[in-house]
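# Just a sequence and a predicted model for now, questions to come.
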Amino acid sequence: MSAVVDLPPTRPASGAQRPGFFRRLFADYGQELVVLAAVVALFIVVTMVNPRFISANNLTTIFSGNAYIAVAAIGMAMVIITGHIDVSVGALIGVLATISGTLAVAGYPIWIAWLAPVLVGMAVNACIGGLVAYARIPSIVVTLGALSIMRGGLISVTGGTWITNLPPSFLIAQKSVLGLPVPLVVMVVLTVLAALWMRYSAFGRSLYAIGGNAEAALATGIPVERRTVAVFVIHGAFAGLATILFATQLQVIQSTVPPNLELTVITAAVIGGVSILGGSGTVIGSTLATILFATIGSALIFVNVSAYWLRAVIGLLILATVLADMLRRRGRI
Amino acid sequence: MNWKSLLRHETFLALLLVVVLIVLSFQSDRFFTVSNLLNQGRLMTEIGLIAIAMTFVIATGGIDLSVGSILGLTAILTGVFWQNIGMPLPLAAIAAIAVGTLAGFANGAIITRFNVPPLIATLATLALYRGLAEGISQARSVRGYPDWFYVLGQGEVLGVPTQLWILAAAAIIASIILAYTRWGRTVYAIGSNEVASRFSGLSVEKTKLALYTASGFAAAVAGVIFVSRVSTTRSDMGTGIELDAITAVVLGGTSIFGGRGTIAGTMIGLCLIQALKNGLSLAGVKGDGTIMLIGAVLILAILASNLFERSGTR
């Protein structure tokens, strides 16, 4: 699929044409373009089958309803690029949503209800990052443990009740800016900022270096341990921002962990072209992949396929992408 | 030298288990009764079977997150093969176990053929197999199995729950294989240094393929036992069981990096977790509180073993 990426770097320009803006684009964003093409193709096909698919209502559902996944996937992409993984993000978002909702209902100023999930998310992930970086426990083990601590803790404290009577001013995900829904705007802005930051800042580049080869990164003077903690903290901030979008999209919040959210977020990052081995990928890809999932989920309904097959389709998709990634790597070595 | 330190870890764990048992029996007089203990054995069989296979997998430095989904898929297929396709129940169960084993084989093939890290490969198949279970079942449950089928999950043989015999047999066979056969030593060799094992002429790929297949088989058998125990099939069965199994294995002294671990350790870890769960619930702590405790125990156990390892070998 993406074998084109493996073109030799130096090609004698046969004409006066520049050595391919498009070729460079494809070399840098091959996977992202594939995902984008899949989204566009899906839209065209499903719309031909059922024109109501591109009604404004459904588009809002697809883009706004899933923006929180895309925002969480930005942080996840950074973690995976650095060579780690976080399976506790779903539980974290569940905990943060409960905290945020409880504060809002208790009558605290709205900005505190919005700020709290971001700060708590950063604090929790600072602990996780510390255990990974300094105690050298594999991130999978730390986050598996954190997952059950947070899931168990949340349910034993709240009993899984619904938080209702949320003040209307709290529900920012239902508002719009310049005629566009807030979640969509937040998703696009954060994706663009994070993409620029990952591509052009020294910090961003160092994450790729650590994920590519942590020992080499250490040898070149990158403070690997501090950066590892930092990337988890940033990931926690994105989880907090995702929580705000998630918690404010409905009139109620259920104080449990959204099932399988961590898997959806990891899948989005991986399908978007973030290599599972670390060291490559972009946050643009993870956002596009989130949109792809949302489109598939919606499309299945519009072409009358049972939603119960959704997970099988997504599982197949992640498997295919992972295999393609490994084959592409093998071709390069 | 190495086995001495292993012995110490397990002895320590066994002592911890004894202490926990004593404390819990003081907490509630219903805890230390034969019927309660046997009943707990019933409850830990499914996790135990999976944890035994997982011990091998983790000892090679791998991991299998898809076991809960394979369990669910097998459970659903047992019901579907029997009720919707009309197979006789024994055949349906065997066919479902075969599919579960095949699912494990697929994991192994993806991991060995394409060099996909086990974590990612089984994360993907976790979604895929669970998705298949959901898609096939369409959220319908299958009930009304014949009475003889419940012997497996609810019956007793010689006064001991049926499935506990299966678990005991599996544990004994597995510990003999891991400790005393060339194949078992290959497992440790791969976990210690995969490249060196390959250069020493060990069949690394074949061993790994066999292990993930065995892991699928164990999860599939656990699935059928699960159905027999709870008298119904649902597509969400076994969700999160991989965490329990991994916790038991790691708590039992198997290194998450591979190369170290025993079945005896895993079984002690398993008993410890089950005793904590049961004791706490008898003492009035809700099930969710124990999930929390298990997560903390998992992190602390690895933290402790990491500290020991660093002060020891390096």
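Perfect, thanks for sending it.
# residue ranges for the helices of the chain, please.
Going with chain A. Under the criterion DSSP state H, chain A carries helices at the ranges A:21-49, A:56-64, A:67-81, A:89-105, A:110-133, A:139-158, A:182-200, A:202-212, A:214-219, A:224-247, A:261-271, A:283-302, A:310-332.
# should've been chain B
B:2-27, B:34-59, B:67-79, B:89-113, B:118-137, B:150-154, B:162-180, B:182-192, B:194-199, B:204-230, B:241-251, B:263-282, B:287-312.
# Highest mean neighbour count out of those?
Mean neighbour count (mean count of other C-beta atoms under 10 Å in any protein chain shown) peaks for helix B:67-79 among these, with a mean of 31. Backbone N, C-alpha and C define where each C-beta goes, glycine included.
# What's the mean pLDDT across it?
Mean per-residue pLDDT for helix B:67-79: 92.
# hmm, that helix touching chain A?
No. Helix B:67-79 lies out of reach of chain A by C-beta under 8 Å from any C-beta of the partner chain, never closer than 8.8 Å.
# Does anything pack onto that helix? Which helices or strands?
Under the contact criterion of 3 or more C-beta pairs under 8 Å, 6 or more residues apart in numbering or on different chains; DSSP states H and E, helix B:67-79 touches helix B:34-59, helix B:89-113, helix B:118-137, helix B:204-230, helix B:241-251.
# could you redo the last one with a cut-off of 6 Å?
helix B:89-113, helix B:118-137, helix B:204-230, helix B:241-251 (3 or more C-beta pairs under 6 Å, 6 or more residues apart in numbering or on different chains; DSSP states H and E).
# which one of these lies closest to A:V224?
Nearest to A:V224 among the helices and strands packed on helix B:67-79 is helix B:118-137; the distance by C-beta to C-beta comes to 20.7 Å.
# So what touches that closest one?
Helix B:118-137 has contacts (C-beta atoms under 6 Å, 6 or more residues apart in numbering or on different chains) with A:140, A:263, A:276, A:308-309, A:311-312, A:314-316, A:318-319, A:322, B:62-66, B:69-70, B:72-73, B:76, B:103, B:107, B:110-111, B:235.
# One more: stretch B:174-188?
Contacts of stretch B:174-188 (C-beta under 6 Å, 6+ apart): B:52, B:56, B:59-60, B:202, B:207, B:259, B:263.
# Between which two of those is the distance greatest?
Maximum pairwise distance among the contacts of stretch B:174-188 (C-beta to C-beta): 22.1 Å, between B:I52 and B:L202.
# thought A:G101 was touching A:W162?
No. A:G101 is beyond contact range of A:W162, at 9.4 Å (criterion: C-beta atoms under 6 Å).
# What is the nearest of the contacts of stretch B:174-188 to B:I97?
Among these, and counting by C-beta to C-beta, the member closest to B:I97 is B:I52, at 15.9 Å.
# so can I have a markdown table of the helices of chain B showing distance to A:V95?
Listed next are these as a markdown table, based on distance: least, C-beta to C-beta, whole Å:
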| stretch | distance to A:V95 |
| --- | --- |
| helix B:2-27 | 28 |
| helix B:34-59 | 26 |
| helix B:67-79 | 22 |
| helix B:89-113 | 31 |
| helix B:118-137 | 22 |
| helix B:150-154 | 35 |
| helix B:162-180 | 35 |
| helix B:182-192 | 35 |
| helix B:194-199 | 38 |
| helix B:204-230 | 30 |
| helix B:241-251 | 17 |
| helix B:263-282 | 21 |
| helix B:287-312 | 12 |
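# Run the chain-centre distance for stretch B:281-299.
Chain-centre distance of stretch B:281-299: 19 Å, with C-alpha atoms, centre = their mean, to the nearest Å.
# what's next to that stretch, contact-wise?
The contact list for stretch B:281-299, computed with C-beta under 6 Å, 6+ apart, reads A:145, A:148-149, A:152-153, A:155-156, B:27-28, B:30-31, B:247, B:277, B:280.
# and if you look at stretch A:175-185?
Defining contact as C-beta under 6 Å, 6+ apart, one finds that stretch A:175-185 is touched by A:60, A:63-64, A:67, A:172-173, A:245.
# 7 Å - rerun?
Here stretch A:175-185 makes contact (C-beta atoms under 7 Å, 6 or more residues apart in numbering or on different chains) with A:60, A:63-64, A:67-68, A:172-173, A:245.
# Now the buried members of those.
Neighbour counting over the contacts of stretch A:175-185 (16 or more other C-beta atoms under 10 Å in any protein chain shown) leaves A:63-64, A:67-68, A:172-173, A:245 as the buried ones.
# What is the most widely separated pair among the residues you listed?
Largest separation among the buried ones among the contacts of stretch A:175-185 by C-beta to C-beta: A:F63 and A:I172, giving 15.8 Å.
# give me the low-pLDDT residue ranges for the stretch 51-200 of chain A?
In the predicted model of the stretch 51-200 of chain A, no residue satisfies pLDDT under 70.
# Flag every residue of it that's near chain B.
A:85, A:131, A:135-138, A:140-142, A:144-149, A:151-153, A:155-156 (C-beta under 7 Å from any C-beta of the partner chain).
# Whichever of those end up buried, select them in PyMOL.
Buried members of these, defined by 16+ other C-beta under 10 Å, are picked up in PyMOL with:
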select buried, chain A and resi 85+131+137+138+140+141+142+144+145+146+147+148+149+151+152+153+155+156
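# on that earlier part again, make CSV out of the helices of chain A and add distance to B:L307.
Shown next, in CSV, are the helices of chain A (distance: least, C-beta to C-beta, whole Å):
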stretch, distance to B:L307
helix A:21-49, 40
helix A:56-64, 47
helix A:67-81, 25
helix A:89-105, 26
helix A:110-133, 12
helix A:139-158, 14
helix A:182-200, 35
helix A:202-212, 24
helix A:214-219, 21
helix A:224-247, 17
helix A:261-271, 28
helix A:283-302, 36
helix A:310-332, 34
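# For B:L89, give me its contacts.
Residues counted as contacts of B:L89 (C-beta under 7 Å, 6+ apart) are B:82, B:145-146, B:149.
# possible to save those as JSON lines with neighbour count, distance to chain A and pLDDT?
Shown next, in JSON lines, are those (neighbours: other C-beta atoms under 10 Å in any protein chain shown; distance: C-beta to the nearest C-beta, whole Å; pLDDT from 0 to 100):
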{"residue": "B:W82", "neighbour count": "25", "distance to chain A": "20", "pLDDT": "85"}
{"residue": "B:Y145", "neighbour count": "19", "distance to chain A": "23", "pLDDT": "80"}
{"residue": "B:P146", "neighbour count": "8", "distance to chain A": "28", "pLDDT": "80"}
{"residue": "B:F149", "neighbour count": "19", "distance to chain A": "26", "pLDDT": "77"}
